[in-house]
Structures are given as C-alpha cells and as structure tokens.
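# Quick one, fold the following:
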Amino acid sequence: MHRILIVDDEPSIKELLKEFLSGEGYTTETASDGIDALDILKSDANFDLIISDINMPRMKGFELLKQVEILYPRIKRVLLTAYSVEDYIHLALEHGISNIITKTTPFNFDELLTIVSKLLSGNILGLDVHLDSGTEISRFQIKDPRLIPEYASAPIKALKMPRLNRNFEMVMVELLNNAVYYGVKDMDPERKETWTDDFLLDDGQVEVFYGSDSQKAAIAVRDNGGKLSKDKIMYWLSRQMLRDETGLPVGLYDIHGRGLFISREYVDRLVVNLIKGKSTEIICLIYHEDIYKGHKPLLINEI
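From the prediction side, this is the model:
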C-alpha cells in the first residue's frame, strides 16, 4: 500500500486531502509545514509521495521538496498552490518540479487522484485514467502529413462539443505538426521553411486518441519518437510564461515550445507524458462546462 505525506499549514485542506486519499486506499500522514515534514521523514522515510503546499511558514514547499530530492530521492514530489503556476515557473524549473496542482473551487479531486495514481503506478500513458471507467476511446493513425488539417478536425467533429472551437482546432494542428515533424522526423523547427511533406508515416508513429465522459472530453496525440524531455518542456514553457521589463514573454520570438504554450492556453488541462527515447504523449482535457474556478495546474510526467 502506497504511503503519502501531506504537508499544508491550512488544517482544513490538510484534513480534506487526508480523508479523500485515505478513502481511495492510500496510507496518509500529515505535517503542518516543511520543518515538521522533515522531522517526520527523519524518523520514518518510508513514503512514496509527498504533496506539499507552496506557501507555508518556516519553510516553503520548494525548499522542502529540494531537501527531499537530496535526502530521499526515491520519494516522488507534487506541489499544491492556490496561486498561478506562472508565479512559480522559475522555481519549478530550478528545482525540477513538474507537477503543480492548483486549488480550485470546488477542489478537483478527480484530477488529484489521476496525478497521484499515475506517479505511483508509473503507468503514465493513455486516456483511461482521465475518463470515467468504461468510457469508449476511439483511435486513428496519422499517415499523410499533407492531411494534418483534416486529421485535426476529425476528433472535434466526432465529440461534438461546443467548447471545441476553432482555437482548439489550431491546437490540434500544432500538436500534430510537432508530433510528425519534430517527434518522428526530427526536423529542425528553426528551419521550418525547409520542411517537406512528401512522405508517409509508418503504423504507430503518430496516433490520436479521443473520448468523452460526463464531465469532459479528452484528446491525446502520441508519437513514438520520444525526443522531448521534461527539462526541455519546462524551459520552453518558462520562456513563454516569464515576462521581460516591457511585460512581453521572454521567449516571444522562440520557435521551440510555442505550440505547447498555445495548447496550454486554449485547453482546460494540458498533460504531457514522456517516456525517454520511446514516446511523447500530449493530452488535452476540455470540460463540458466551466466547473472548476481557479488557475491551471502544471502536469508533466517523465519516466
């Protein structure tokens, strides 16, 4: 049975998470801040995951998880915040924290459970864990790059969701282009004018999966190139999120990472799953209604 240490200075949040995760079969302990958590770990480090708030007295969440990485590298780490991820992206990049859950109203327990189960099981690919049990998931392969606009619109037409608009079709085109030209063919995006599309892809090189349950639609683009890494994605996203002295993104003119940033802006949840040298999967989640009020999380998994 997996053990989770929950660290938060707000008793109501701490007990809420403890009650929920205990009810899902996890063994849970709680700590009131980073110093308290380290004291617990000194006497018992047999935890599989730490979920820590960012802003706490005595020791902040980033400081705590840095110490955990050094002293207990086996323990997986997740941060929790009520604020915008953009406010902490430089610290997330510096400390290698790629899963930051945001406190929404109401709290998104399904999202929390999905993140926890993925991290602890190591089974990071697939839409199943994001959708209700028994949801039908459709799949098709990308064969001809010249047809990317048609491929991009296919799941949108099939799911028939009002919130899947032209912006999302642009997202799909970006993700498919990245999967085909960068993920599989390894063409340099800085020299996009030299790209050609007079080729066909082999079976399984780029696939699209999609489905819809009572709350949301989910669409995934997966390639078998596995060329992206967590560090690269964190760096690219940070350059789009950070602002210079004029208020513009530091990476305004970057080619790398712009598609991922645009995707994150236009969907409710963007999930990046990476298996080094084997597979890259980008999942877009779009809720049927604007249920959860709050900031978007940062969800990047790598094994």
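# which residues sit in contact with residue 26?
By C-beta atoms under 8 Å, 6 or more residues apart in numbering, residue 26 lies in contact with 1-4, 116. In short, each C-beta sits where N, CA and C put it, glycine included.
# Which ones among those map onto strands?
3-4 (DSSP state E).
# In PyMOL, select just the buried ones from the contacts of residue 26.
What follows is the PyMOL syntax selecting those of the contacts of residue 26 that are buried according to 16 or more other C-beta atoms under 10 Å:
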select buried, resi 2+4+116
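# Of the contacts of residue 26, which pair is most distant in space?
1 and 116 (13.1 Å; C-beta to C-beta).
# So what touches the helix or strand bottoming out on mean pLDDT in the chain?
In the chain, no helix or strand scores lower on mean pLDDT, DSSP states H and E than helix 258-266, which sits at a mean of 90. Helix 258-266 has contacts (C-beta under 8 Å, 6+ apart) with 167-168, 170-171, 174-175, 177-178, 233, 236-237, 240-241, 251, 270, 272, 282, 284, 296.
# what sits up against the helix or strand following it?
Moving toward the C-terminus from helix 258-266, the first helix or strand encountered (DSSP states H and E) is strand 269-275. The contact list for strand 269-275 (C-beta under 8 Å, 6+ apart) reads 111, 118, 124-125, 130, 226, 228-230, 233, 260, 263-264, 279-285, 296-297, 299-303.
# Now intersect the residues you listed with the helices, please.
Members of the contacts of strand 269-275 lying in helices (criterion: DSSP state H): 111, 118, 230, 233, 260, 263-264.
# Out of those, which comes closest to residue 159?
Nearest member of the ones in helices among the contacts of strand 269-275 to residue 159, counting by C-beta to C-beta, is residue 263, at 16.7 Å.
# how many other residues sit next to that closest one?
21 (other C-beta atoms under 10 Å).
# which residues does residue 50 bridge with?
Residue 50 has the following beta-bridge partners by DSSP bridges: residue 5, residue 77.
# does residue 104 really touch residue 292, like I thought?
Yes: Residue 104 is within contact range of residue 292, at 3.9 Å (criterion: C-beta atoms under 8 Å).
# okay, these two: which has more neighbours?
Remark: of residue 104 and residue 292, residue 292 carries more neighbours, 20 against 17, as counted by other C-beta under 10 Å.
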